[in-house]
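Chemist: Based on what follows, work out the 3D shape:
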Amino acid sequence: FAEWNALGQARRARGLGAGQSLAGRAQTFGGQSFALLVQAIRRGSRLAITMEARGFGAGERTWARVPSYSPRDVHVSIAAAIIIAVAYGASIAAGTIQFLWG
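Modeler: Just a heads-up that it's a prediction; the model follows:
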């Protein structure tokens, strides 16, 4: 419905609105229906090309590897937390801490 309304507004902006007679309205309906059909075919073609470029339908789908964490990652995270805590502790002890929000 949104596409139909957009096409109708575009046609009226170009001065191709519905005439007062029944034949004029039928002609407008036919032209707008054809434009909607062409637009749907173009959108479908673009979607098919995009899906083909991304490998849909080419067989087994590949997935990104699942990240694995080792004990080294845990040690680095703990070390980073300790460094941050020591830095905050030193600035509090020295009385030089300044928070951004206050």
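
Chemist: C-alpha from now on. contacts and neighbour counts both.
Modeler: Will do.

Chemist: if we look at the helix or strand where S77 lies, which residues are touching it?
Modeler: Counting by DSSP states H and E, the element that carries S77 is helix 71-94. Here helix 71-94 makes contact (CA atoms under 8 Å, 6 or more residues apart in numbering) with I97.

Chemist: and that helix, how far out from the chain's middle?
Modeler: 38 Å (CA atoms, centre = their mean, to the nearest Å).

Chemist: For V74, see how far away R46 is.
Modeler: In this view, R46 and V74 are 46 Å apart by CA to CA, to the nearest Å.

Chemist: Equivalent analysis for G8, please.
Modeler: 61 Å.

Chemist: do the same with Q20
Modeler: Distance, Q20 to V74, using CA to CA: 76 Å.

Chemist: Looking only at neighbour counts, state which of these two leads.
Modeler: Each of Q20 and V74 has its neighbours counted (other CA atoms under 10 Å); V74 has more, 11 against 8.

Chemist: Looking at the more buried one now. What's its pLDDT?
Modeler: The model reports V74 with a pLDDT of 96.

Chemist: can you check F1 too?
Modeler: Reported pLDDT for F1: 86.

Chemist: Show me what the helix ranked longest in the chain is packed up against.
Modeler: Counting residues, the longest helix found in the chain (DSSP state H) is helix 22-53. Under the contact criterion of 3 or more CA pairs under 8 Å, 6 or more residues apart in numbering; DSSP states H and E, helix 22-53 touches helix 2-13.

Chemist: And the helix it packs on, what's buried?
Modeler: Residues L7, G8, R11 are the ones in helix 2-13 that count as buried (16 or more other CA atoms under 10 Å).

Chemist: so who does the first one touch?
Modeler: In this structure, L7 makes contact with Q32, A35, L36, judged by CA under 8 Å, 6+ apart.

Chemist: And the pLDDT at it?
Modeler: 86.

Chemist: related to what we said a few turns ago, any chance of the buried residues of helix 2-13 in CSV, with distance to S70 too?
Modeler: CSV is the format used below for those (distance: CA to CA, whole Å):
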residue, distance to S70
L7, 57
G8, 60
R11, 63
